[in-house]
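**Q** what follows is a predicted protein model with its sequence.
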Amino acid sequence: MAEKVGKPTGQYTQYGKQIYITPSGEEVSEKSVTIKVDDKWINIPSIHDGIIYSEDEIYDGVIAGKFKATSIHASQPQARKAAIERSKQMKKHRGRQASGSAEK
C-alpha cells in the first residue's frame with residue numbers, strides 16, 4: 001500500500017527528483033525497482049511525489065501510463081546493473097534544477 005516516504009529535505013537530484021528523509025534517517029529520492037513488462041525488464045522509481053509504491057502498484061502504474069521507466073533492458077541482470085549505476089551517479093542539489101525535470 002502506498003505511503004509517505006518521509007519529509008522533503010529541500011534538495012533534489014540532478015534528475016529533478018526531490019530528496020526525502022525517512023523516519024529511519026535515510027535520504028531517498030527514487031528507490032528503483034526492476035520489473036518485467038512484456039518481454040523487457042524496466043527500472044522505475046518506486047517514489048513519486050513523496051509516496052512510495054509497492055512493485056504491484058508500480059507495475060499497474062506503468063501499464064496505465066502513470067509512471068515512466070528510467071531505463072529499459074533485455075535482461076534482468078542488465079537492468080539491475082543499470083539501476084545500481086544510476087544510484088551511484090545521483091548527486092544532491094539545493095533547490096530544483098533549472099532543467100525543469102519533472103518528478104514523475
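**A** Alright, I've got the coordinates.

**Q** alpha carbons only for contacts and neighbour counts from here, please
**A** OK.

**Q** report the buried residues of whichever helix in the chain runs longest.
**A** When the chain is parsed with DSSP state H, its longest helix is helix 76-89. Within helix 76-89, the residues scored as buried using 16 or more other Cα atoms under 10 Å are 76, 79, 80, 82, 83.

**Q** same question, stretch 13-32
**A** For stretch 13-32, the neighbour count (16+ other Cα under 10 Å) marks 13-20, 27-30, 32 as buried.

**Q** could you export those residues as CSV, including pLDDT, distance to residue 44 and secondary structure?
**A** Listed next are the buried residues of stretch 13-32 as CSV, based on pLDDT from 0 to 100; distance: Cα to Cα, whole Å; DSSP: H, G, I helix; E, B strand; the rest coil:
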residue, pLDDT, distance to residue 44, secondary structure
13, 89, 15, strand
14, 87, 16, coil
15, 86, 13, coil
16, 87, 15, coil
17, 89, 13, coil
18, 92, 15, strand
19, 93, 16, strand
20, 95, 17, strand
27, 92, 18, strand
28, 93, 14, strand
29, 92, 12, coil
30, 90, 8, coil
32, 93, 5, strand
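
**Q** show me what contacts the residue of the chain positioned farthest from its centre?
**A** Residue farthest from the centre of the chain, counting by Cα atoms, centre = their mean, is residue 39 at 21.2 Å. The contact partners of residue 39, by Cα atoms under 8 Å, 6 or more residues apart in numbering, come to residue 74.

**Q** can you show me the helices along this structure?
**A** For the chain, the helices defined by DSSP H cover 55-63, 76-89.

**Q** so for residue 69, which of those sits nearest?
**A** Closest approach to residue 69 among these is made by helix 55-63 (7.8 Å; Cα to Cα).

**Q** okay then, goodbye and thanks.
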